[in-house]
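# 3D, please:
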Amino acid sequence: MPTPPATSASRLSRRGFLAAGAAAATVLPLAACSSPLAAGLAGSALNPETLVFWNLFGGGDGVRMQAMEDGYAAQHGGSSALQGTTFAWGNPYYSKLTLATVGNKPPDVAVAHLTRAKPLWDGDLLDPITSDDLASVGLSAADFNQKAWAAQKTDGKNIAIPLDTHPFVLFYNVDVCKKAGLIDGDGKLKDLSGMDNFEKALAAVAKVTGGTALNVANVVPETATPWRFFWTMYNQLDGATPFLSKGGAELTLNEDAYTEVTSRTQKWVKEGWLNKALDYATAQSLMFDGKAGFFMQGEWEISTAQSIKGLEFGMVPIPQLYDKPATQADSHTFVLPKKARTPEQRKQHMLFIKQMLEQSLTWAEGGHVPAYMPTFDSTAYKELKPQSNYAAAAETAVFDDAAWYGGSGSTFEGTVGAQLALVQQGSSTPAQALRAIKSQLSTYLNTPSPL
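So this is what the prediction gives:
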């Protein structure tokens, strides 16, 4: 039986422990005292006119986010207007954000995956964003993709402002697919909807490559991709139920649907259509080199594909193979960490978000589907190829279930994804993997949120 929800006293004691940890961090050799990290963890002061912004973007995303930050700063008098800091992706970032907020020195605005914003909200670490907040800078709920907007709403409150939707998508090698007879007269990939149709396409591509047709990275430590692959196919079944319910306290997976997807995965491996074991980089490079026709991954790998000289590739939403369209996705969002704000500061922080949203086309160049509808509906985005070719995936997005240990880059994703990877590798049967998942999640299912 799950442990009862934490009482106010126990919640305060855990938060007190985190606050003590934040205070203890003052003994660490932090960077200059005026840095956001020093201010957040050690409590030192920052210039009150400087907006402090934290994010977790590296690589191409980091370059684009820096350009957007520069765009904001240029509108507000130069670099002194904004102090942006980038931290390591995943749990390290969210731990720092939690500690800084509990220590009453959070950034003014932060990025959070939508699936990680909910635990922050449940831990009383975020300020709600009201209709008046939105209106103060000329925004409204109608300005956003409604799938992402509805997903961020929690307890009847707006807890985050979506910047994008980043779905799992299908990359394809045009030359290989042409040889397999899968490119139509307009040069586009033929409709691959329906399991029989898709499996025929896999068989045709495998004949061309003499090897696999589809690559999906699955070698540990790559656990996110097996999870995204599973969650996409699982949610295309009519019988799909949440994997987790009650904030992560209950396992409610439909085991029949789980068995169908994992058994199908092993069938594709046995047929030679799907790779048995490949790391992240190799899974994509083999498709780029024409040794596979398809590659499933987050759309952010568009930048890698575009960097390959001579590669002709395309991107489309994951085909509907079962009963309904669905694709695993998350959203990068802007959140307001809980802190005292004057009305003027609150408007300043909202204006920063608005002016970052207005640069969404820069963000979309890296593959993410804009959540800000003025950009999504613009001619410039519609002409951005292949990015706009899979934009419809944002409408069939399925987000991970809310849990304090869940979301992108989380303990849940690592635990479950590792077992799903073993299924694809043939090292575990679906039943063995499910037993391991239940066993390994039991501690988290029976532990209240530490926030």
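
# and the gap between Thr396 and Gly417?
When distance is defined by CB to CB, to the nearest Å, Thr396 is 21 Å away from Gly417. Every C-beta, even on glycine, is put in place using the N, C-alpha and C of the backbone.

# Looking at the two, which is more packed in?
Neighbours were counted for Thr396 and for Gly417 using other CB atoms under 10 Å; Gly417 has more, 24 against 19.

# List the buried residues of the helix or strand hosting Gln284.
With elements taken from DSSP states H and E, the one containing Gln284 is helix 280-288. For helix 280-288, a neighbour-count test (16 or more other CB atoms under 10 Å) marks Tyr280, Ala283, Gln284, Ser285, Leu286, Met287, Phe288 as buried.

# quick one: the third one and Trp300 touch, right?
Put plainly, it is Gln284. No. Under the criterion of CB atoms under 8 Å, Gln284 is not in contact with Trp300, lying 11.3 Å apart.

# show me the contacts for Asp323.
Gln236, Leu237, Asp238 (CB atoms under 8 Å, 6 or more residues apart in numbering).

# likewise Leu114?
Applying CB under 8 Å, 6+ apart to Leu114 gives the contacts Ala148, Ala151, Gln152, Ala160, Pro162, Asp330, Ser331, His332, Thr333, Phe399.

# could I get those as CSV with neighbour count?
Shown next, in CSV, are the contacts of Leu114 (neighbours: other CB atoms under 10 Å):
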residue, neighbour count
Ala148, 25
Ala151, 24
Gln152, 25
Ala160, 30
Pro162, 23
Asp330, 25
Ser331, 31
His332, 24
Thr333, 24
Phe399, 21
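
# Make a markdown table out of those residues and add distance to Tyr372 and secondary structure.
Shown next, in a markdown table, are the contacts of Leu114 (distance: CB to CB, whole Å; DSSP: H, G, I helix; E, B strand; the rest coil):
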| residue | distance to Tyr372 | secondary structure |
| --- | --- | --- |
| Ala148 | 10 | helix |
| Ala151 | 15 | helix |
| Gln152 | 14 | helix |
| Ala160 | 13 | coil |
| Pro162 | 8 | strand |
| Asp330 | 17 | strand |
| Ser331 | 11 | coil |
| His332 | 12 | strand |
| Thr333 | 12 | strand |
| Phe399 | 18 | coil |
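
# re earlier: list the helices and strands the helix holding Gln284 packs on?
Packing contacts for helix 280-288, counted by 3 or more CB pairs under 8 Å, 6 or more residues apart in numbering; DSSP states H and E, involve strand 164-173, strand 214-215, strand 294-298, helix 302-306.

# Comparing these, which stretch has the densest surroundings?
Sort the helices and strands packed on helix 280-288 by mean neighbour count, taking mean count of other CB atoms under 10 Å, and strand 164-173 sits at the top with a mean of 27.

# Can you name the next helix or strand after it?
helix 174-179.

# Return the set of buried residues in that next one.
Result for helix 174-179 [16+ other CB under 10 Å]: buried residues Val174, Asp175, Val176, Cys177, Lys179.

# before we move on, what about stretch 421-436?
Ala421, Leu422, Val423, Gln424, Gln425, Ser428, Pro430, Ala433, Leu434, Ala436.

# How far off centre is that stretch?
Offset of stretch 421-436 from its chain centre (CA atoms, centre = their mean, to the nearest Å): 24 Å.

# tell me how far the ends of it are from each other?
By CA to CA, to the nearest Å, the extent of stretch 421-436 from end to end equals 12 Å.

# Just the residues contacting stretch 116-135, thanks.
Applying CB under 8 Å, 6+ apart, the contact partners of stretch 116-135 are 15, 94, 97-98, 101-102, 106, 112, 140-141, 152, 154-155, 157-161, 247, 333, 335-339, 341, 346, 350, 402-404, 406-410, 449, 451.

# Which of the residues you listed fall in strands?
In this view, those that belong to strands under DSSP state E are Ala112, Thr154, Lys157, Asn158, Ile161, Thr333, Val335.

# Can you tell me which of those residues has the most neighbours?
That'd be Ala112 among these, by other CB under 10 Å, with 30 neighbours.

# That one against Pro162, yeah?
No. If you go by CB under 8 Å, Ala112 and Pro162 don't touch, sitting 10.6 Å apart.

# shared neighbours of these two, anything?
Shared contacts of Ala112 and Pro162, defined by CB under 8 Å, 6+ apart, are found at His332, Thr333.

# quick one: contacts of the helix holding Gln284?
With CB under 8 Å, 6+ apart, helix 280-288 has contacts from 171-173, 212, 215-218, 222, 225, 275, 278, 292-295, 297, 301, 304-305, 308, 311, 313.

# Equivalent analysis for stretch 176-191, please.
172, 174, 192, 197, 201, 204-205, 207-209, 290, 292-293, 314, 316, 319.

# which one of those residues is nearest Leu253?
Pro319 (23.6 Å; CB to CB).

# Just to check, the closest one is in contact with Ser193?
Yes. Using CB under 8 Å, Pro319 is in contact with Ser193, at 4.9 Å.

# Just want to know which of the two has more residues nearby.
Pro319 (18 against 11).

# what's the nearest residue to that one if we skip its chain neighbours?
Leu192 (4.3 Å; CB to CB, 6 or more residues apart in numbering).

# Touching, that neighbour and Gln320? I think so.
No. Counting by CB under 8 Å, Leu192 does not reach Gln320; the two are 9.1 Å apart.

# rewinding a little: the buried residues of helix 174-179 into CSV, with extra columns for pLDDT and distance to Phe57?
Listed next are the buried residues of helix 174-179 as CSV, based on pLDDT from 0 to 100; distance: CB to CB, whole Å:
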residue, pLDDT, distance to Phe57
Val174, 98, 30
Asp175, 98, 32
Val176, 98, 32
Cys177, 98, 32
Lys179, 98, 38
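
# what distance separates the helix or strand Trp121 falls within from the centre of its chain?
Applying DSSP H and E as the criterion places Trp121 in helix 114-122. Centroid displacement of helix 114-122 relative to its chain, using CA atoms, centre = their mean, is 13 Å.
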